[in-house]
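Chemist: no sequence on this one, just coordinates:
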């Protein structure tokens with residue numbers, strides 16, 4: 001009988017130890033998670049500090065009179081920043097945001113200059129969809145124009161604020177248009193097109209930054225073999241390239257293409273904080289920084 005009591009007591013003791021160990025494991029897990037959350041919050045605060053400094057950093061790099069050469073350097077070479085003492089590291093990479101045809105140029109409203117913009121967007125669109133043999137290109141074109149010209153259009157952009165503008169069409173909204181077209185026409189070929197090589201999304205603008213166009217878009221606009229463009233075109237030197245290859249200088253000299261360096265870019269920053277790395281992005285346009293996004 002005594003042996004049975006000892007066995008029961010030992011069993012109860014072991015059960016209590018197991019329960020305590022489980023409780024300790026839960027507590028440690030909770031503390032670890034809390035620590036990570038605290039670090040993430042601190043990293044977010046650190047991101048806002050970096051964001052506040054971004055304008056000054058880019059302004060210094062570009063100088064008072066930005067040149068195409070300086071812009072090219074920023075686009076081609078990610079900037080690395082590190083503390084002399086400490087483990088803080090930061091990598092900044094930027095890309096031009098005005099180096100494509102604004103999707104908003106598909107608007108069919110406006111005067112003669114807007115018609116020129118529509119004609120250019122339409123020409124590139126027709127060439128691209130012909131290559132991919134879409135079933136009903138006009139239907140897709142109509143869906144895009146309707147979305148842009150709608151009197152009532154609401155979008156939530158990555159900026160986190162409500163958009164209600166005729167001169168705005170986000171990439172997410174454009175993807176919804178593609179989905180709608182694909183379902184209505186049973187045409188999945190629309191998803192094979194690299195649309196961002198030809199069109200830009202978000203806020204519209206009046207003139208294209210021609211010096212940093214994709215090879216595919218230079219080829220479409222100026223009717224030059226894409227293999228030649230890939231081989232010879234150097235970003236920042238579109239005018240010289242067109243002269244050497246018989247490009248349409250009259251089109252290039254039109255108001256559709258910016259004559260001065262265009263300071264408009266989206267930058268992403270990867271930085272270390274504690275034992276983890278984080279990412280954020282923002283837009284830098286003519287000295288102004290906005291559209292901050294912290295990427296978890």
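Modeler: Ah, there it is. Just so you know, these numbers come straight off a predicted model, no measurement behind them. Residues are numbered from 1 along each chain as shown.

Chemist: the stretch 151-296 of the chain: strands as residue ranges?
Modeler: 155-156, 162-163, 168-169, 199-200, 202-203, 264-273, 276-285, 288-295 (DSSP state E, counting those that start in this stretch).

Chemist: so which of those comes closest to residue 133?
Modeler: strand 199-200 (19.2 Å; Cβ to Cβ). From N, CA and C alone the C-beta is placed, and that goes for glycine too.

Chemist: in this structure, where is pLDDT below threshold?
Modeler: Scanning the chain for pLDDT under 70 picks out the ranges 1-54, 81-88, 110-111, 113, 151-166, 273-274, 294-296.

Chemist: quick one, what contacts the closest residue to residue 217 other than its chain neighbours?
Modeler: Spatial nearest neighbour of residue 217, excluding adjacent residues (Cβ to Cβ, 6 or more residues apart in numbering): residue 198 at 5.3 Å. The contact partners of residue 198, by Cβ atoms under 8 Å, 6 or more residues apart in numbering, come to 100, 101, 124, 125, 128, 214, 216, 217, 220.

Chemist: and these, which two are the farthest apart?
Modeler: 125 and 214 (15.1 Å).

Chemist: quick one: which of those two has more around it?
Modeler: A direct count of neighbours by other Cβ atoms under 10 Å for residue 125 and residue 214 places residue 125 higher, at 23 against 19.

Chemist: count the neighbours of the closest residue to that one other than its chain neighbours for me.
Modeler: For residue 125, ignoring the flanking residues on the chain, the nearest one in space by Cβ to Cβ, 6+ apart is residue 141 at 6.4 Å. Neighbourhood size, residue 141 [other Cβ under 10 Å]: 19.

Chemist: same check on the one 3 residues further on?
Modeler: Here the number of neighbours of residue 144 (other Cβ under 10 Å) works out to 22.

Chemist: hmm, it is touching residue 177, no?
Modeler: Yes: the pair residue 144 and residue 177 qualifies as a contact (Cβ atoms under 8 Å) at a distance of 6.0 Å.

Chemist: how about the strand or helix carrying residue 92: buried residues?
Modeler: Under the criterion of DSSP states H and E, residue 92 resides in strand 89-96. Within strand 89-96, the residues scored as buried using 16 or more other Cβ atoms under 10 Å are 90, 91, 92, 93, 94, 96.

Chemist: beta partners for the residue positioned nearest the centre of the chain?
Modeler: Compute the mean C-alpha point of the chain, and by Cα atoms, centre = their mean the closest residue is residue 266, 6.7 Å away. Beta-bridge pairing for residue 266 (DSSP bridges): residue 95, residue 283.

Chemist: residue contacts, it?
Modeler: 94, 95, 97, 281, 282, 283, 284, 291.

Chemist: sorry, back to before: for PyMOL, what selects the buried ones among the contacts of residue 198?
Modeler: Selection of the buried residues among the contacts of residue 198 in PyMOL, burial being defined by 16+ other Cβ under 10 Å:
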select buried, resi 100+101+124+125+128+214+216+217+220
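
Chemist: among the contacts of residue 198, name the ones in helices.
Modeler: 124, 125, 128, 216, 217, 220 (DSSP state H).

Chemist: closest one to residue 64 out of those residues, please.
Modeler: Out of these, the member with the shortest distance to residue 64 (by Cβ to Cβ) is residue 217, at 30.5 Å.

Chemist: ok, and the closest non-adjacent residue to residue 189?
Modeler: That would be residue 132: by Cβ to Cβ, 6+ apart, it lies 5.2 Å from residue 189.

Chemist: no no, residue 55
Modeler: residue 289 (4.5 Å).

Chemist: one step back: in a markdown table: the contacts of residue 198, plus distance to residue 207.
Modeler: Putting the contacts of residue 198 into a markdown table (distance: Cβ to Cβ, whole Å) gives the following:
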| residue | distance to residue 207 |
| --- | --- |
| 100 | 12 |
| 101 | 11 |
| 124 | 16 |
| 125 | 19 |
| 128 | 21 |
| 214 | 17 |
| 216 | 20 |
| 217 | 15 |
| 220 | 18 |
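
Chemist: out of the contacts of residue 198, flag the one nearest to residue 194.
Modeler: residue 216 (7.3 Å).
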